[in-house]
Every structure is written in structure tokens, then in C-alpha cells.
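Visitor: just to be clear, the model below is a prediction. Sequence and coordinates:
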Amino acid sequence: MRKNNFQLSTFHFQLKVIGVALYLLLAFTAQAQTDMTESLRLAEQEISSGKLNDTEMLEKYYFLIYNYNARDFDKVKLYFQQGINFARKKNNLEWEAKYWGKMGDIYNLSGESDSVMVYYDRALKLIEGKEYFMLESLIYKAIGDFYSDLHNLEKSLSAFHKSLEFIEKDRNVQIALKKDVSEHNRREANIFIDIGAVYVDTRNLEKCEEYHLRAKKILDENPHENNPFFENIIYMNLAAGYLGMKQTEKALPLLLKAYEMATGFEDFTQIVFALSRLSECYRIEKDLKQALNYAKEALKIAEPTHQPFLLNHADEAMMETYRELKDYSSALFYAGRIQERTPDNFWDNMQTLYNGLILIYSAMGNQEKTEEYLEKLKELTLKISDKNLHDALQEMEVKYDVQQKELEILRQQTEIDRYRTRQLVFIGGIIMAVLLLSLSIYIVIQHRRRNRLLAETNATKDKFFSIISHDLKNPVVLQRDSLQMITDYGDKMDADTLSEYHRKTLKLANGLFDLLTNLLDWAKIQTGRTVYNPCPFNLVSVLQSDIGLIKSMAERKGITFEAQTPPAAVVTGDQHMITTVVRNLLTNAVKFTETGGNVSLEITECNGKYTVAVSDTGTGMTPEQLQNLFRIDRQQTREGTAGEQSSGLGLIVCQDMLHKHGSLLYVESEEGKGSRFWFEV
């Protein structure tokens, strides 16, 4: 292949530009954080003012859910619940689905993959058959991205094609209304790029070309300011596919074009990626001098950014090139740089590093070091539950065994045979690197986001434990004083006085027992020791004993209790959790209802779902109490109408248990007029 004469004379000027740009970026980011804090505060004030119309309220809830993510997850859940309540009150399925979908996005970003599909499925079921085609397309696009990140390529492709179907349906509607469909075309092009990227991972070059070229055709026919960015991704993805098939004559012009475009809009990430892949291209061509030049320029661009994922990308190009040059000491130097800056819990980065070290030490014939890093790779993979990463390790072990056998043969064969064996091993390493490096940017961002969220969560829990310790201390002290009084003066008290002291002590003990029970349930949920075990069961049947106990409790207090239930209500869920929630709600209703009041349990069915509602005519709650009802960092201690103790922790436990079922606990209450709590299952 003819060597390209592309010159790098502009790089030194760009290095100066990078420094200025980074300074401006940091200043802009700091100002943006301040502005966002103020915007969130104003949005909360506007919602509380009651002056917004319905559309403005729905938009403000979405704004708060979206922008409190990675700042205060308790507020994310609070405004999500309030937004759902408001959307249901206004019978607005579209906005309710948007809230569920956004929570799916948020759980995906936080890495809680077990919860993601619960929220996406709930969003889709709400609008199924309602002709919200564009919203359905967006949710299926998010599902495709989710499965693509998990390397579940079959489900990813299925979701992307579903997204395309709904884009086409909405386009036909808009065309019939004689409206502009340019946005539909751009979204379609974006999904074509996503599908093409999946086929890069599967090394299906024919499909990779097909979908990227279809995306390019749409972009050419629909000019837009974002097109250069998408075109750059197309060139990079196609080049990655060609490199995987060693078709360097097709990859090289695309990489040069991608570099030129990335330089035009000063995207340092894409510049480094383009230069690293140019280095890879020339390594395949065995023009190692040119490969080293591009790797060095990638490192020059990456270093001023101080971004670990870019520095690792450039250092990997240096490591691989020096390995090809058989300069193993230099290759190990750059491997060491990667290892030094990469935390142990960045599993994907460490796995890529160990793969490189295995190849280096294997090529050096250092059996001891090769086995050492193979063992480290095994240990690292055991920490990762993702099945695809386990499969990747097994593949790497097979490649290593093949390499070791071939190394024995190499000692007896010609230099050409030795070169071909190393090339096979190298291709295996490159394929794995392409798969893993696609997650590097995401991992760095999520690491920072999780650290910030963890700090906020710890601060909240510290305040919670301070509140709980106060609630525990008071009844214990009162019990001690009461028992001390009985011990010191019991023989001098009349029977009625002594009996009254015993009743007070028993009441304090009961309140303390309830608080400890709720505290233990909450701790089990927080530490993951509460096992969610869903199965079908008859809710009406299993609640009979609890209904009897609550009825007796209500009668002792002079309260009328009524249960309106169907003959049977077969639901799917964790029987222990659901009955705990209902029992807690009924106990609270009796606790905060005065003599002569009413408490009711109602179970109703609609479209295969059951609504469980507990209502009372008790003391109710103020707007401030409602606002802080599910927050563990706010004092919620109240006394019942007969002096019963309540910490508010029971409702938090109920909410967490319902979250396990993909459900929420809703509440309506007015001071002096009673409360109504309900949930769906």
C-alpha cells in the first residue's frame, strides 16, 4: 500500500489552543453548576406557588427529575412521585410515561441495571396502542442503548428496529398533517449509526457498511448543524470495521477524513481516537515508524487534557506499537503509566491492560510473568458478574493456550512463521480492546457521579441515624425512669397508680419494639439482605389474619373499621413485603385516628392490576409533613391520638419495598380531615 503523505504540521498550534480551551471549559462548567443550582431552586418555588398551568407543572417536574440526577437522588424520587401523581390526576398518559422512561435512564446511568427495564416496560405499557409513536421510538432507542452497553447484541438490535418502526409510523402521521419531518430523518440516521456500531462489534462488515451508508445518505439529503458530528462517528465506526477485517486501504481515507472533521470542531476526544486508529492502521501495514508517529501525536493531544480515558487510549497505542517494534521495555513503560493512573475498580480498563501485558510477556518468552498476569486477569473477571466478560476471558484463555503451543513450534520454524503466530494473537487482543474501550468514557463519568452520590447519601444517612438515636433514647429513658419509680415506691403505691405505671411502660415498650422492627427492615433493604421473591398469591386470603388484628385494635380505640375486598385477588409479588406494607398502613391509620373515627381497607381491580387503598378520618398531615414524608434526613416523629409513638420510618420501609415491585406509594392528606394511602400491584 502507498504510504500516505498526510502532514501533522498543525498539531503544535492545536496544543496551544487546547490549553486555552480547557481553561474556558473549566470556568464555564463552574458557572453552569452555580446557574443550575439557582434554576432548581426557582423551579421548586414555582411548583409550590400554585401559579403554573398544567403543562408548565408537568414540564417543571420533568426538569427537576432530570437535573437533580447525580445531585440529590432523594429529590429525584420525590419529584418523580409528585410528577406521577400530578400526571395521573390530569389523566396525562404521555407525561406519566415520560417520567417512567426518564427514571429508567437515570437508573441506567447509575449502573443499577436490575431496575432499568422495570421502568422502561412500565412506560411502554402506559402508551401501548395510544399512538404516542415518537415517545415509543425514544424509549425503544434507550432500551437499545442499554442492551448495547451490556453487549447483549440480539436484544439491542431488536430494540433499535422497534424504534425505527415507530419513527416511520410517526413520520406518516406528520406527512398526512403536512408537517416537517426533518427531525424524523435525523433520528432515523442516528439509529442507523447505532445499528451499524452493533455490527462493528459482531464483525459483520457487510451490515456495518449498509447501515452507516444509509445514515450518511440521510444526512446528505437533510443538512443540519449537527451533521458533521454524526458524519465523524460514521467514518470512525466504518474505519473500525475495516480495521477489524484488515482492510486498511478502506480504513485509512476514512480515518484521515474523521481526523480533519474532528479538528474542525475541536473535538479532542475524536482527534485522539482518530490518531490512535491511524497508528493501528499502520501497525497492520507493518509501517511501524509511521504507526509510532501517529501514536506519539495522539499522546501529545491527550496530555494537556489530563483526562485518564484519553491518556489511556494514547498510551495503549504507544504500548502496542512498541510491542510490534519488539521494544518491550518501552511497551512495559507505557503499560505501567496506564496501570498507575487506573484505579483497581475500573475493571474494563484493567482488563485491557492485563491483556496487553499478557501479549508482551508472552512475546518476550517470560512464562512466569505471562502466567502471573493471566492469573490476575482471571481474578479480575471473577469480580465481574457480566456473562459477556466471562465469555471474553474464556476466549482469551483459549487464545493464550494456542499461542503457547505455537511458541513451541516457533522455536523450530522460520521467522515468517513466528511473525504469523504473533499476528494472530495480536488480532485477538485488538478485537477485545475495541469492545472494551467503547465503555471507557462512560465508566469515567459514572465513577465521578457515583462518588458524588455516595457522599450525599452518607451525609443523609448520618443525619437519619442522629434522628433515630434520639427516637430510641427517649422511650428507653422513660422506661428506665418508670421502672425506677416502681422499684423505689411500688410498695407505697395503690393498685390503680401501679397499674397506670405498668400501662405506660408497656406502651413505651410497644413503641420501641415497632421502631426497632422498622429500623431492622430498613437496614436489611439498604444492605441488600432483603431477598425479593415474587410469586402469585391470593392477597385477600393472606390478609385475613392481619385484618382481624387491625379490627380488634380499632375496636379497643372506639374506631369503626371496614374492609371492602373482592372474594379473591391473585397478584404477583413478594408475599411478605406486600403484607408488611398493608399491615403498616392499617396500623398507622388506626394510630392517627381519634375515637369515633373511621378506617377502611379497599382492594379494587382494573385491567388486571389491583389497587390497595387505606383511608382514615384521622388527624391528617400538613403540606410540610407531606413534603418530607419519605425523606430519612428529616424529623418525622409524631404521637398518635392515644399517645402512640411513630418515627415515620415505617412509611420509608413501605416505599422501598414497593420500589422492589416497580410500584410507588401514593398519598393524599389534609390536616384535620384524614389521609388516604394507596399503591398498585
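Guide: That came through, no problem.

Visitor: surely P228 touches T263?
Guide: No - P228 is beyond contact range of T263, at 11.2 Å (criterion: C-beta atoms under 8 Å). From N, CA and C alone the C-beta is placed, and that goes for glycine too.

Visitor: who's more crowded, the two?
Guide: The residue with more neighbours, out of P228 and T263 and counting by other C-beta atoms under 10 Å, is T263; that gives 17 against 14.

Visitor: off-centre distance for the strand or helix carrying A123?
Guide: With secondary structure defined by DSSP states H and E, A123 is part of helix 113-127. Counting by C-alpha atoms, centre = their mean, to the nearest Å, helix 113-127 is centred 13 Å from the centre of its parent chain.

Visitor: got the CA positions of it in PDB?
Guide: This file holds the C-alpha atoms of helix 113-127, laid out as PDB (Å, rounded to 0.1, in the frame of the first residue of the first chain):
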ATOM      1  CA  SER A 113     -29.200  -2.400  35.600                       C
ATOM      2  CA  ASP A 114     -31.700  -4.600  37.500                       C
ATOM      3  CA  SER A 115     -34.200  -1.700  37.800                       C
ATOM      4  CA  VAL A 116     -33.800  -0.200  34.300                       C
ATOM      5  CA  MET A 117     -36.200  -2.400  32.300                       C
ATOM      6  CA  VAL A 118     -38.800  -2.300  35.100                       C
ATOM      7  CA  TYR A 119     -39.200   1.500  34.400                       C
ATOM      8  CA  TYR A 120     -38.900   1.200  30.600                       C
ATOM      9  CA  ASP A 121     -41.500  -1.600  30.500                       C
ATOM     10  CA  ARG A 122     -43.900   0.500  32.700                       C
ATOM     11  CA  ALA A 123     -43.500   3.500  30.300                       C
ATOM     12  CA  LEU A 124     -44.200   1.400  27.200                       C
ATOM     13  CA  LYS A 125     -47.300  -0.300  28.700                       C
ATOM     14  CA  LEU A 126     -48.800   3.000  29.600                       C
ATOM     15  CA  ILE A 127     -48.800   4.300  26.000                       C
END
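
Visitor: and that helix, which residues are buried?
Guide: Along helix 113-127, these residues count as buried under the neighbour rule (16 or more other C-beta atoms under 10 Å): 115-120, 122-124, 126-127.

Visitor: check stretch 288-300 too.
Guide: Judged by neighbour count using 16+ other C-beta under 10 Å, the buried positions of stretch 288-300 are 288, 290-300.

Visitor: can I get these in JSON lines with distance to K378 and pLDDT?
Guide: Output for those, formatted as JSON lines (distance: C-beta to C-beta, whole Å; pLDDT from 0 to 100):
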{"residue": "L288", "distance to K378": "32", "pLDDT": "93"}
{"residue": "Q290", "distance to K378": "36", "pLDDT": "93"}
{"residue": "A291", "distance to K378": "31", "pLDDT": "92"}
{"residue": "L292", "distance to K378": "32", "pLDDT": "94"}
{"residue": "N293", "distance to K378": "36", "pLDDT": "93"}
{"residue": "Y294", "distance to K378": "33", "pLDDT": "93"}
{"residue": "A295", "distance to K378": "29", "pLDDT": "92"}
{"residue": "K296", "distance to K378": "34", "pLDDT": "93"}
{"residue": "E297", "distance to K378": "36", "pLDDT": "92"}
{"residue": "A298", "distance to K378": "31", "pLDDT": "91"}
{"residue": "L299", "distance to K378": "31", "pLDDT": "92"}
{"residue": "K300", "distance to K378": "36", "pLDDT": "92"}
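
Visitor: helices - which of these land there?
Guide: The members of the buried residues of stretch 288-300 that map onto helices under DSSP state H are 288, 290-300.

Visitor: and those, which is closest to T55?
Guide: Ranking those by separation from T55, with C-beta to C-beta as the measure, puts A298 on top at 48.6 Å.

Visitor: could you say what helices and strands the helix or strand where K217 lies packs with?
Guide: Remark: K217 resides in helix 205-221, with elements defined by DSSP H and E. Helices and strands in packing contact with helix 205-221 are listed as helix 182-201, helix 227-244; criterion 3 or more C-beta pairs under 8 Å, 6 or more residues apart in numbering; DSSP states H and E.
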